[in-house]
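Engineer: sequence plus predicted model, see below.
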Amino acid sequence: GRGGNMLTRYLAMLSLRGDGRAEKPVLTYDMDAVDAFLADMKADIDCDSVDATVAYVAGNSEPFRFTDEQAGRELETDAIRARIEASILNLSPETEALKPKEISPKVYRVELENATVLRARVIVPLSGSAAAQENAALAAVQFQGARIEPGESLSFNQTVGMRTEESGYTAAEEPAYGQNIVGVGGGVCQVASTIYTACLLADMQITYREPHMFLVTYVEAGMDATVYWGNIDYKFKNNTEKPIRIDASVSGGYVHIKLLGTTPERDWDHIELSHKTINTKAYKTVIEEAGKTDDQKTEITIQKGAGVDANGNAIDIAVDAQGNKYVLGKRVNGAYTGYTVEAYRKYVKADGSVLKEEKLHTDVYKSRNISYEVTPYVEPEPEEPEDPENPDDTTDPTNPDSGNTGDTGNTGDTDDNHDPFGTWW
């Protein structure tokens, strides 16, 4: 039988070299067990670093809540494996000290405590369908904890990514190409507009922004930002000397966006946003006509209950300028009033006086007519009066004898056939 460890057995074999019966020994080994051992050790030791965090707590005596950072560890096993294999080949067992590499966090609590102030906080009510609101919530999550270094820019599209069903987005109505269409990811513009408003209040540098085609109601006019993957983005730049952090969430039917950073050296206290409406363009009620632009479609006036259908029921009709009448059908497009809006930003001192005011931009929101499908309206034929049973009977019911102008066959009161009520009976 065999006894002892591999080394003692190998030495015993070497002692038989002088024996003609001895064969040259061949050393074999299997590294699978070593690899499995190192994999288990790496799984136990490795851990990611954890950045310190700060959260804004509204209404609390301590408005910011901080958490500590934690260093991470990583065990590099390739070099250890190579040394173990070399010791096997050299028949020289060694002790291996495991020294994992430390992974430093990117954010330390002391830095946050020394540098954190609330630069801006914006809360915007969600609008649209349930699917649109779910899409907005999914987009907002992508910005939670985002850190923008000094001089660094942030792109909405690059942060959120392409809106696909595989990434969790669903189809929802959104304005595009001059009409409301159903698209995957509809509703995320609410997050972009909220971040844009927060950036204006935090005095960030806006590097790219486009307004919606039609006026939206969930933010102040001129404070919205539209996004469309591969075409329209929203971007801003951290123009401070310290990192900017974004806290983002959706809860209670609202989008919550906070920008945290340092207090800049400034001679103003806060920023106020406002807008001025320079012009409006009213919408019209029109017939939906294929191949015509909004301005070319026939304008109509709706008359509620002014028509009658084949069953005699009252129906709504539409009348154009030439007096042509139509049966009012399904509504195709909703209406938007057009606006030309100037957006302004005021830098306000602590005493309420305005240090300066600047015009941010002029936005033109298009109008859109409300359109309906129609069919020609045919006036119902007037009903003819029914014929009386005896058209020659001119009897006056108040005068029983008035209808007896001829021979009735009754020649006198003594006639037994006399009818006392005359012919009106």
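Structural biologist: The structure has been received and is ready for your questions. Numbering: from 1, shown residues only.
Engineer: show me where the stretch 151-300 of the chain has helices.
Structural biologist: Along the stretch 151-300 of the chain, counting by DSSP state H, counting those that start in this stretch, helices occupy 156-160, 189-201.
Engineer: which of those sits most buried?
Structural biologist: helix 189-201 (a mean of 25; mean count of other C-beta atoms under 10 Å). Bear in mind the C-beta positions are built from the backbone N, C-alpha and C, glycine included.
Engineer: that one packs against which elements?
Structural biologist: In terms of contacts (3 or more C-beta pairs under 8 Å, 6 or more residues apart in numbering; DSSP states H and E), helix 189-201 is packed against strand 117-125, helix 130-141, helix 156-160, strand 205-208, strand 235-237, strand 244-251, strand 254-261, strand 270-281.
Engineer: of all those, which lies closest to Lys297?
Structural biologist: In terms of C-beta to C-beta, the element of those nearest to Lys297 is strand 270-281, at 15.4 Å.
Engineer: need the CA coordinates for that closest one. CSV is fine.
Structural biologist: Extracted in CSV, the C-alpha atoms of strand 270-281 (Å, rounded to 0.1, in the frame of the first residue of the first chain):
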residue,chain,number,x,y,z
HIS,A,270,-32.3,82.8,-4.3
ILE,A,271,-33.7,82.6,-7.8
GLU,A,272,-37.2,83.2,-9.0
LEU,A,273,-38.6,82.1,-12.3
SER,A,274,-41.4,83.7,-14.3
HIS,A,275,-42.8,84.1,-17.8
LYS,A,276,-44.6,86.6,-19.9
THR,A,277,-47.1,85.6,-22.6
ILE,A,278,-46.4,87.7,-25.7
ASN,A,279,-49.0,86.3,-28.0
THR,A,280,-51.7,83.7,-28.3
LYS,A,281,-53.3,81.9,-31.2
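Engineer: buried ones in that strand?
Structural biologist: By 16 or more other C-beta atoms under 10 Å, the buried positions in strand 270-281 come out as Leu273, His275.
Engineer: show me the strands paired with it, marking each as parallel or antiparallel.
Structural biologist: Strands that pair with strand 270-281, judged by DSSP bridges, come out as strand 338-348 (antiparallel).
Engineer: the next helix or strand after the partner strand packs against which elements?
Structural biologist: Remark: after strand 338-348, the chain's next helix or strand is strand 354-365, criterion DSSP states H and E. If you count contacts as 3+ C-beta pairs under 8 Å, 6+ apart, strand 354-365 packs onto strand 338-348.
Engineer: so for Thr217, which of the helices of the stretch 151-300 of the chain sits nearest?
Structural biologist: Closest among the helices of the stretch 151-300 of the chain, using C-beta to C-beta: helix 189-201, at 10.8 Å.
Engineer: compute the inter-axis angle for that closest one and strand 354-365.
Structural biologist: With axes from the mean of the first three to the mean of the last three C-alpha atoms, to 10 degrees applied, the angle from helix 189-201 to strand 354-365 works out at 150 degrees.
Engineer: can you give me how far helix 189-201 is from the chain middle?
Structural biologist: Distance of helix 189-201 from its chain centroid, counting by C-alpha atoms, centre = their mean, to the nearest Å, is 13 Å.
Engineer: correct me, but Glu113 touches Phe66?
Structural biologist: Yes - judged on C-beta atoms under 8 Å, Glu113 makes contact with Phe66 at a distance of 6.1 Å.
Engineer: so for the two, which sits in the more crowded spot?
Structural biologist: Set side by side, Glu113 and Phe66 show more neighbours around Phe66, with 15 against 12, by other C-beta atoms under 10 Å.
Engineer: pretty sure the more buried one is in a strand, no?
Structural biologist: Yes - using DSSP: H, G, I helix; E, B strand; the rest coil, the secondary structure at Phe66 is a strand.
Engineer: quick one: residues contacting it.
Structural biologist: Shown in contact with Phe66 (C-beta atoms under 8 Å, 6 or more residues apart in numbering): Ala52, Thr53, Val54, Arg109, Leu112, Glu113.
Engineer: kindly recompute the last result at 6 Å.
Structural biologist: By C-beta atoms under 6 Å, 6 or more residues apart in numbering, the residues touching Phe66 are Val54, Arg109, Leu112.
Engineer: next SSE downstream of the helix or strand of the chain with the lowest mean pLDDT?
Structural biologist: Of the helices and strands making up the chain, the lowest-confidence element is helix 6-14, at a mean of 67, by mean pLDDT, DSSP states H and E. Proceeding N to C from helix 6-14, the next assigned helix or strand is helix 32-45, under DSSP H and E.
Engineer: show residues contacting the next helix or strand after that next one.
Structural biologist: Next in sequence after helix 32-45, counting helices and strands by DSSP H and E, comes strand 53-56. Residues from elsewhere that reach strand 53-56 (C-beta under 6 Å, 6+ apart): Phe64, Arg65, Phe66, Thr67, Leu112, Thr116, Leu118, Lys258.
Engineer: for stretch 159-171, same thing?
Structural biologist: By C-beta under 6 Å, 6+ apart, stretch 159-171 touches Ala131, Asn135, Leu138, Ala139, Gln142, Val182, Val184, Gly185, Trp229.
Engineer: what residues of that stretch count as buried?
Structural biologist: Buried residues in stretch 159-171, defined by neighbour count with 16+ other C-beta under 10 Å: Val160, Arg163, Tyr169, Thr170, Ala171.
Engineer: now intersect those with the strands, please.
Structural biologist: Ala171 (DSSP state E).
Engineer: can I get the buried residues of stretch 159-171 in TSV including distance to Thr194 and pLDDT?
Structural biologist: Output for these, formatted as TSV (distance: C-beta to C-beta, whole Å; pLDDT from 0 to 100):
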residue	distance to Thr194	pLDDT
Val160	13	97
Arg163	17	95
Tyr169	18	96
Thr170	20	95
Ala171	22	92
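Engineer: nearest to Ile244, of the buried residues of stretch 159-171?
Structural biologist: Val160 (17.7 Å).
Engineer: wait, doesn't Ala146 sit right on Ile246?
Structural biologist: Yes - under the criterion of C-beta atoms under 6 Å, Ala146 makes contact with Ile246 at 4.4 Å.
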